[in-house]
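[1] need a structure here:
(one chain, ligands or ions: 1)
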Amino acid sequence: MTQATRTRRHVLFAAGAVATALAMPFTASAQAPIVVKFSHVVAENTPKGQGALKFKELAEKKLPGKVQVQVFPSSQLFGDAKEMEALLLGDVQLIAPSLSKFDRYTKKLQVFDLPFLFDDIDAVDRFQATKTGQELLTSMKSRGLVGLAYWHNGMKQLSTNKDKLQRPDDVKGLKFRIQASDVLEAQFRALGANPQKMAFSEVYQALQTGVVDGQENTWSNIFSQKFFEVQKTIAETNHGLIEYMVVTNAKWWDGLPADIRQGLSEAMKEATAYANKLALDLNEADKKKIMDAGKAKIQKLGKEDTAAWRKSMEPVWKKFEGDIGRDLIDAALKANS
Ligand code: LMR
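    Below you'll find the model as predicted:
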């Protein structure tokens, strides 16, 4: 090799290296995955916990190298008090609060909190699939929030630290932890009890130390949070429900590249089907585990007991009919048949 050839090769190599180096930052940033933080307040072994993990798996499979989903369960990143604000600030991209926690953003979702409105989760599912149900997903867009899906948990049961829990009279004067919902507040007031709004992460300790006497929740939450260890009786009231809306920041969502939004939408659809299918079985299995643990008594209710609870909670409907809208209540009721 002559000196000239060697020099030319060297120059070519150097030029190539410069070109590569110049291209690198561009390539690297083009390939840096979009990080999607998904924060929620429940344990991983719950319908929502499993749904979030399934969404991560599917999203990363559909958008390899383009998206990285980080799931933060159990209020690790943000709890009830902060998660909506964090979403609006862009500190997190997905959250899935229960429908009871949207009071500040819309009054419409309060329909889901009306006691004894839905016969079961199948009825809830039917209502959510209607045009009216789907429209509620975008009802908070002007406030910067957009719903991507509804996720089921299950029917709520009532628990206390007392031996007797069969009729409404048994909860008179007791203190109950509630989610941040005015409807739920009215529900416990109608029973002559004292409701106290409290973040989910604080409930176990509040029950354990007697700050509150009782709470209402699904079997999966009562089991995974160990509430059954610090309560004496759980009455199978099925008086309401815990349902979620997976919400994102509308501006962030609209600003995503179209292929990413499409991939995430598909992953959400499949994760939703997965989580919703799981919800019923998981709640049934957790109810059994609570029974087997033998720590809290599970109180079955007869038809007349249930009728008494229903009657005591009835005034709540009238109180919120104006805010929610009679049309919406009727549309929800229709899903029972
Ligand atoms: C609660 O606060 O009791 C529930 O909303 C928690 C949850 O997300 O299931």
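[2] Tell me how far Phe227 lies from the ligand.
    10 Å (CB to the nearest ligand atom, to the nearest Å). The way it works is simple: take the backbone N, C-alpha and C, and place the C-beta from them, glycine included.
[3] which ones are touching that residue?
    Neighbouring residues of Phe227 by CB atoms under 8 Å, 6 or more residues apart in numbering: 159, 203-204, 207, 215, 217, 221.
[4] Pipe these into CSV and attach neighbour count and pLDDT per row.
    As requested, the contacts of Phe227 are arranged in CSV below (neighbours: other CB atoms under 10 Å; pLDDT from 0 to 100):
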residue, neighbour count, pLDDT
Ser159, 29, 98
Val203, 21, 98
Tyr204, 16, 98
Leu207, 24, 98
Gln215, 29, 98
Asn217, 25, 98
Asn221, 27, 98
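[5] Run through these and flag the ones next to the ligand.
    217, 221 (CB under 6 Å from any ligand atom).
[6] now the contacts of Phe227 as a markdown table including secondary structure?
    Output for the contacts of Phe227, formatted as a markdown table (DSSP: H, G, I helix; E, B strand; the rest coil):
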| residue | secondary structure |
| --- | --- |
| Ser159 | strand |
| Val203 | helix |
| Tyr204 | helix |
| Leu207 | helix |
| Gln215 | strand |
| Asn217 | strand |
| Asn221 | helix |
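[7] Tell me the one of the contacts of Phe227 nearest Ile34?
    Looking at the contacts of Phe227 and their distance to Ile34, the nearest is Asn221, at 31.2 Å (CB to CB).
[8] does that closest one really touch Lys156, like I thought?
    No. Applying CB atoms under 8 Å as the test, Asn221 and Lys156 come out as separate, 9.0 Å apart.
[9] what do the two both touch?
    Common neighbours of Asn221 and Lys156 (CB under 8 Å, 6+ apart) are Ile242.
[10] Show me the helices in this structure, by range?
    3-31, 47-62, 83-89, 121-129, 131-135, 182-190, 203-209, 219-224, 250-254, 258-293, 303-313, 315-324, 326-334 (DSSP state H).
[11] do you know which of these lies nearest Ala235?
    Nearest to Ala235, of these and by CB to CB, is helix 303-313 at 8.2 Å.
[12] Show me which positions of the closest one end up buried.
    305-306, 308-309, 312-313 (16 or more other CB atoms under 10 Å).
[13] Leu207 contacts Val230, doesn't it?
    Yes. Counting by CB under 8 Å, Leu207 touches Val230, with 4.4 Å between them.
[14] Now for those two: what residues contact both?
    Common neighbours of Leu207 and Val230 (CB under 8 Å, 6+ apart) are Asn161.
[15] contacting residues for the closest residue to Lys251 other than its chain neighbours?
    Excluding its sequence neighbours, the residue lying closest to Lys251 (CB to CB, 6 or more residues apart in numbering) is Gly144, at 6.6 Å. If you count contacts by CB under 8 Å, 6+ apart, Gly144 has them with 88, 249-251.
[16] Roughly how far does Gly144 sit from the ligand?
    21 Å.
[17] Quick check: that residue vs Ser224, distance?
    For Gly144, the distance to Ser224 (CB to CB, to the nearest Å) stands at 31 Å.
[18] for Met313, what are its contacts?
    Met313 neighbours (CB under 8 Å, 6+ apart): 115-116, 187, 190-191, 239.
[19] count of residues packed around Tyr150?
    24 (other CB atoms under 10 Å).
[20] Could you give the number of residues near the residue nearest to it when sequence neighbours are not counted?
    The shortest distance from Tyr150 to any non-neighbouring residue, by CB to CB, 6+ apart, is to Gln128 (4.6 Å). Counted with other CB under 10 Å, the neighbours of Gln128 add up to 23.
[21] which of the contacts of Gly144 tops the neighbour count?
    Going by other CB under 10 Å, Asn249 tops the contacts of Gly144 with 21 neighbours.
[22] So what pairs up with that one in the strands?
    Leu145 (DSSP bridges).
[23] Next one: it relative to Gly322, how far apart?
    30 Å.
[24] for Glu202, same thing?
    32 Å.
[25] more neighbours, those two?
    Glu202 (16 against 9).
[26] Nearest residue to the one residue in the stretch 151-300 of the chain that gets nearest to the ligand in space, please, no chain neighbours.
    Closest residue of the stretch 151-300 of the chain to the ligand, CB to the nearest ligand atom: Phe200 (3.5 Å). Spatial nearest neighbour of Phe200, excluding adjacent residues (CB to CB, 6+ apart): Val41 at 4.6 Å.
[27] what residues are up against that neighbour?
    73-75, 79-80, 83, 97, 199-201.
[28] try Pro315
    186, 190.
[29] Can we start the residue count at 20 from this point?
    That works, and once the first residue is 20, the last one we named lands at Pro334.
[30] wait, which of the buried residues of helix 322-332 is closest to the ligand?
    Met332 (18.0 Å).
[31] circling back: list just the one of the helices of the chain that sits closest to Asp188.
    helix 322-332 (8.6 Å).
[32] before we move on, back to that, and the contacts of Phe246 as CSV, adding distance to Gly313?
    Listed next are the contacts of Phe246 as CSV, based on distance: CB to CB, whole Å:
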residue, distance to Gly313
Ser178, 15
Val222, 22
Tyr223, 19
Leu226, 18
Gln234, 20
Asn236, 20
Asn240, 19
